[in-house]
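this one's structure only:
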């Protein structure tokens, strides 16, 4: 992780130096891959962001498509090594909208009675395949909250979570914080995550790397997977 970002001041760097924040935790021996909310409504239906947000305003666009290419690379390697793969999907049924705390921070399009079902789909290039790939449905940010995911990972004796997906400052970050709280070795593939807000993406990656996870590029993730 590059800690020379413009977000980091001289005082920040001094604190990092003195505290030791940002040390690498490393991988374990039993990884699982987590693909967070790789749904068309977040990725977009077309690379140009302005075209995507006209159809669904939560779209990320071109940045998400670049991340998808990296997710595909990691997926292929995990399948070769028979590493378990979990996808999370995010969505709140219309009848539960009165309990959707996140909707209160967004405009009313979230409350539309008719939703395009295709926007909930995972793109074909990274869609689940085989018996060791599961989808975990969630209603809130963290893939752990209100889901059986921790039970599944414990059953597999998993000690390492490789995290990819969307969005960096939201569901990815929430998942990472919870995963660290459960004492997993957590790795975020830096170029396999994306966010609609660039400032949030950059600051979230830095903060996660300093305190909760190792943020590394895809080629280092695949190098680890090759070593299994």
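Happy to help now that I have it. Worth saying up front: this structure is predicted, and the values here are computed from it rather than measured.

contacting residues around residue 15?
By CB atoms under 8 Å, 6 or more residues apart in numbering, the contact list for residue 15 reads residue 21. Where you see a C-beta, it was placed from the backbone N, CA and C, and this is true even at glycine.

again, but for residue 174
140, 141, 142, 145.

can you pull the pLDDT of the third one?
Confidence at residue 142, expressed as pLDDT, is 97.

Let me know whether it touches residue 175 as I believe.
Yes. If you go by CB atoms under 8 Å, residue 142 and residue 175 touch, sitting 5.2 Å apart.

Pull up the pairing partners for the lengthiest strand in the chain, direction included.
Of all the segments of type strand in the chain, defined by DSSP state E, the longest one is strand 185-194. Neighbouring strands of strand 185-194 in its sheet, by DSSP bridges, are strand 160-166 (parallel), strand 214-216 (parallel).

remind me, longest helix of this structure?
Ranked by residue count and defined by DSSP state H, the top helix of the chain is helix 62-80.

now that one against strand 160-166, angle please.
Helix 62-80 and strand 160-166 are oriented at 150 degrees to each other (axes from the mean of the first three to the mean of the last three CA atoms, to 10 degrees).

Which SSE is immediately downstream of helix 62-80?
Following helix 62-80 in sequence order, the next helix or strand is strand 85-90 (DSSP states H and E).

got the angle for that following strand vs strand 160-166?
Relative orientation of strand 85-90 versus strand 160-166 (the same axes, to 10 degrees): 40 degrees.

what helices or strands is strand 85-90 leaning on?
Counting by 3 or more CB pairs under 8 Å, 6 or more residues apart in numbering; DSSP states H and E, the packing neighbours recorded for strand 85-90 are strand 31-36, helix 62-80, strand 133-138, helix 149-155.

let's see it at 6 Å
Packing partners of strand 85-90 (3 or more CB pairs under 6 Å, 6 or more residues apart in numbering; DSSP states H and E): strand 31-36, strand 133-138.

Distance to residue 67 for these - can I get that in TSV?
Below are those laid out as TSV (distance: least, CB to CB, whole Å):
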stretch	distance to residue 67
strand 31-36	10
strand 133-138	19
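
Return the most buried member of the ones you listed.
Ranked by mean neighbour count, the helices and strands packed on strand 85-90 are led by strand 31-36 with a mean of 26 (mean count of other CB atoms under 10 Å).

Parallel or antiparallel, list what pairs with that one.
In the sheet, strand 31-36 lines up with strand 85-90 (parallel), strand 160-166 (parallel) (DSSP bridges).

Go ahead and confirm residue 84 touches residue 32.
Yes. Using CB atoms under 6 Å, residue 84 is in contact with residue 32, at 4.5 Å.

Pass me the low-pLDDT residue ranges in the protein, would you?
Scanning the chain with the threshold set as pLDDT under 70 gives 46-55, 103-115.

Look at residue 62 and say how many residues are nearby.
Applying other CB atoms under 10 Å, we find 14 residues neighbouring residue 62.

next one: residue 80
A count of nearby residues for residue 80, using other CB under 10 Å, gives 12.

Nice, that's everything, thank you.
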